[in-house]
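>>> structure for the following, please:
(one chain, ligands or ions: 1)
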Amino acid sequence: MTLSPATLAGFTIETTARHDALDQAAHELRLHLARIPAAATRGVIRLSASAGPGDAFTVTVAPNEVRIAGANPRGALNGAFWLLEQAGFSWLAPGGDGTRFTPGRVIPLGVHEHAPAFARRTLILGCDALHDDWPAWLQLASRNRLNDIFFHDTPPSRLDRAGALRPATYDELAADGRGWLFERWDSDGPAIRAAASDHGMTIQFGGHHLPSLLPRELFAGHPDWFPLRNGERNPRYNLCTSSDGAIAALRSAARAFFERFPGADVYHLWADDIRGGGWCECDRCAGLSPSDQALRATNVLADVLAEVAPAASVAHLAYHDTIEPPAAVVPAPNVAALYAPRPRSYAFAIDDPACPHNASGHWQPFLGLRKTFGDASRVHVFEYYSDAILYRWLAPLNLEVLPADLRAYAGAGVTTIEDLAVTPRPWPGPAWHAWWFARAAWDPQADPNAALHAFCEAAFESDAPAFEQAFLALEDGYRLLLDLGELQQIPRHDILDFSDTPREALAAKGRQMERALDHFHRAARSIPLAPAGMGMAAREELAIVISYATHLANRVIAWDAALAGDRAGALAAIADARTALSATEDWCQRHLTPAHANLAANMLRAARYHTGSIETLIGAITVP
Ligand SMILES: [Zn+2]
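Residues are numbered from 1 along each chain as shown. The predicted structure follows:
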């Protein structure tokens, strides 16, 4: 026995109590069901909610009545979106164009109970271009049953702009080079808080802002507030956490920060974004690891936050040189660890024993943090599935790795899972990465192939089979491209800049890139010229992906050939890399907005720099 979407569309909608999120659930049901021609059957959808904890829901479907009962009001919203999904709706990209309806679905009668695997499921909006579109992203997150939104800024914003307005042009923003989140929050903060409340969502706020709480200009008068490095006080990076003056200044700046940016559940005031060497070596700090020094600073922030916003917490970032658990300093009760395994490999799951880089290099420190913080619910996981900086313009599907990661995290007791969305470019077409994260965050046991099938059907209608093939080919290509093998990261290079050390690992990477390219080009060949649904936009997305993957792969192939003394092979590959980089730049000319400039300009410059370095290598090959 089933209920048809047309029958459902004829039902009236009632809420049993007054609550913003229940009203929002009723509004969403009306908004979506109005798109379906209604049958004449009478019936009612009743929305109710308990007081929690958690945002599970039960939907009871009978011929003339559907009852949606949330464990809390957000749970009722989840139930409403679940019901709409059964009726054929899906939300694949921000904005109205991303709302899709697949006809022909039916809703089974009976009792349907669903609970999320993670209590807090977070979309991180990590750059100005995404903040500019925050209402659409918040709505997309909510409809895909995420319950937390994190306003984070890469590159970090400035606290000391004194009311300056954000420039309007690409060139001005590229020259400024910093984020504009603080100005965004000054203008939109009340609206963001109201929207989050309507959607039953919590908010997180911040980024690498610890150093800006202690302006570097103070160094002249107070050198002892800043870290001792190589025998001298140095204002670059962080602070000396043994200095009473620095701590007093930090306390007062932290108070001002929390008061200027109210309303978050979790605040982030992390240390400088560097691999290491940012902390203090003075007599009183020398015995403390970077993790301990960072936690000592975070505990100071936590003490202030407890006075300003007693229910909120502040994050201790475990990342680069603070990835190891603190050993000497005990976290304050309102400090949560934030585990951010950015240098891990995305070709393997985080705990996959087949990948020692992940299993020993990243999963072990995670287990250590869990021990230090005493409880996995205090270790929040900051993942990178929608990070087009880390992925260098690309957008891997992480079809298998993402749910495998989330099974590992859920199995270890993690309750907060977060996905960083940050990008130097728009994502035309459906945003698989954000959609898939939301699905797997609700249920890490979700079947990847079934999910891909449903996604393609919703996005591409009659051309779904061709896109499914294309996406599977991309997945194969990405698995090869993202494999870090035995390569050791070069200082000041990013992960996907790869490396020539050890030499044999670069040769293996070059061969792997040849195979990866075959898959990327197979993906390009498998989609029609004028596809249905969101297919035209997806072609635009594929254009930048193929261009940059071709650039990156050929750069690595040329690097290996140059070191092998194969001048002809290196020249051919680097010429292909140059052509593909030009195609990337052309794409950027057509698609970037000024808001992308503070990330895109540097990333394009870096790609040209790395290409030039390989050309120099090739130029140095002596011809016998
Ligand atoms: Zn010190």
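>>> summarise which helices and strands the helix or strand containing Leu552 is packed against.
In this assignment (DSSP states H and E), Leu552 forms part of helix 535-563. Other helices and strands packing on helix 535-563, by 3 or more C-beta pairs under 8 Å, 6 or more residues apart in numbering; DSSP states H and E, are helix 448-460, helix 464-481, helix 503-526, helix 567-591, helix 597-619. Heads up, the C-betas are built off the backbone N, CA and C, glycines and all.
>>> tell me which of these lies nearest to the ion.
Each of these has some distance to the ion by C-beta to the ion; the shortest is helix 597-619, at 31.8 Å.
>>> how about residues contacting the closest one?
127-128, 154-155, 170-171, 173-174, 176-179, 389, 392-393, 422-425, 494, 497, 551, 555, 558-559, 562-563, 567, 570-571, 574, 577-578, 581, 584-585, 588, 592 (C-beta atoms under 8 Å, 6 or more residues apart in numbering).
>>> now it: mean pLDDT?
Averaging pLDDT along helix 597-619 gives 98.
>>> in it, what's buried?
Neighbour-count burial for helix 597-619 flags 597-601, 603-604, 607, 610-611, 614-615, 617-618 (criterion: 16 or more other C-beta atoms under 10 Å).
>>> return the member of these nearest to Leu83.
Leu599 (38.4 Å; C-beta to C-beta).
>>> helix, strand or coil for the closest residue to Arg344 other than its chain neighbours?
In this structure, Arg344 finds its nearest non-sequential neighbour in His362, 4.6 Å apart by C-beta to C-beta, 6 or more residues apart in numbering. Classification of His362 using DSSP: H, G, I helix; E, B strand; the rest coil returns helix.
>>> the one 5 residues further on too?
Put simply, Leu367 is helix when judged by three-state DSSP.
>>> so how far is the ion from it?
29 Å (C-beta to the ion, to the nearest Å).
>>> so what's that residue closest to, chain neighbours aside?
Leu367 sits nearest to Ala412 (C-beta to C-beta, 6+ apart), 7.3 Å away.
>>> so Ile124 sits in a strand?
Yes - applying three-state DSSP, one finds Ile124 inside a strand.
>>> quick revisit: can you report how many residues neighbour the residue nearest to Leu367?
16 (other C-beta atoms under 10 Å).
>>> could you tell me which residues of the stretch 401-550 of the chain lie near the ion?
The stretch 401-550 of the chain comes close to the ion at no residue, as judged by C-beta under 5 Å from the ion.
>>> need the nearest residue in space to the residue in the stretch 401-550 of the chain positioned nearest to the ion, chain neighbours excluded.
In the stretch 401-550 of the chain, the residue that lies nearest the ion is Pro491 (24.2 Å; C-beta to the ion). Leaving aside its sequence neighbours, Pro491 sits nearest to Arg275 (C-beta to C-beta, 6+ apart; 7.0 Å).
>>> okay, and the residue nearest to the spatial centre of the chain sits in which element?
Nearest residue to the geometric centre of the chain (C-alpha atoms, centre = their mean): Leu420, 1.4 Å. Using DSSP H and E, Leu420 sits in strand 416-422.
>>> would you mark the buried spots in that strand?
Thr416, Ile417, Glu418, Asp419, Leu420, Ala421, Val422.
>>> can you redo these as JSON lines with pLDDT and distance to Leu29?
Listed next are these as JSON lines, based on pLDDT from 0 to 100; distance: C-beta to C-beta, whole Å:
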{"residue": "Thr416", "pLDDT": "98", "distance to Leu29": "28"}
{"residue": "Ile417", "pLDDT": "98", "distance to Leu29": "27"}
{"residue": "Glu418", "pLDDT": "99", "distance to Leu29": "28"}
{"residue": "Asp419", "pLDDT": "99", "distance to Leu29": "26"}
{"residue": "Leu420", "pLDDT": "98", "distance to Leu29": "31"}
{"residue": "Ala421", "pLDDT": "99", "distance to Leu29": "27"}
{"residue": "Val422", "pLDDT": "98", "distance to Leu29": "33"}
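>>> may I ask which two of these are separated the most?
Longest span within these, C-beta to C-beta: Thr416 and Val422, 18.6 Å.
>>> which residues in the stretch 201-350 of the chain form helices?
Taking DSSP state H, counting those that start in this stretch, the helices of the stretch 201-350 of the chain run over residues 210-213, 244-260, 290-308.
>>> which strands and helices lie in contact with the shortest one?
Based on contacts counted as 3+ C-beta pairs under 8 Å, 6+ apart, the elements that helix 210-213 packs against are helix 244-260.
>>> who touches the helix it packs on?
So helix 244-260 is contacted by 159, 182, 186, 209, 213-214, 218, 222, 224-226, 239-241, 267, 269, 297, 300-301, 303-305, 307-309, 312 (C-beta under 8 Å, 6+ apart).
>>> also stretch 464-472?
397, 399, 432, 452-453, 456-457, 459-460, 523-524, 526-528, 531, 535, 538, 542.
>>> about what we covered before: what is the residue nearest to the centre of the chain paired to in the beta sheet?
With DSSP bridges applied, Leu420 shows beta-bridge pairing to Ile124.
>>> do you know how far Thr372 is from Arg439?
Distance, Thr372 to Arg439, using C-beta to C-beta, to the nearest Å: 31 Å.
>>> could you do Ala38 as well?
Here the distance between Ala38 and Arg439 works out to 29 Å (C-beta to C-beta).
>>> compare the two (neighbour count), which wins?
Ranked by neighbour count (other C-beta under 10 Å), Ala38 and Arg439 place Arg439 first, with 19 against 14.
>>> going by secondary structure, the closest residue to that one other than its chain neighbours is in what exactly?
The shortest distance from Arg439 to any non-neighbouring residue, by C-beta to C-beta, 6+ apart, is to Ala446 (5.2 Å). Assessed by DSSP H and E, Ala446 sits outside every helix and strand.
>>> burial count for Ala446?
Ala446 has 17 nearby residues by other C-beta under 10 Å.
>>> correct me if wrong: it contacts Pro403.
Yes - between Ala446 and Pro403 there is a contact under C-beta atoms under 8 Å: 6.0 Å.
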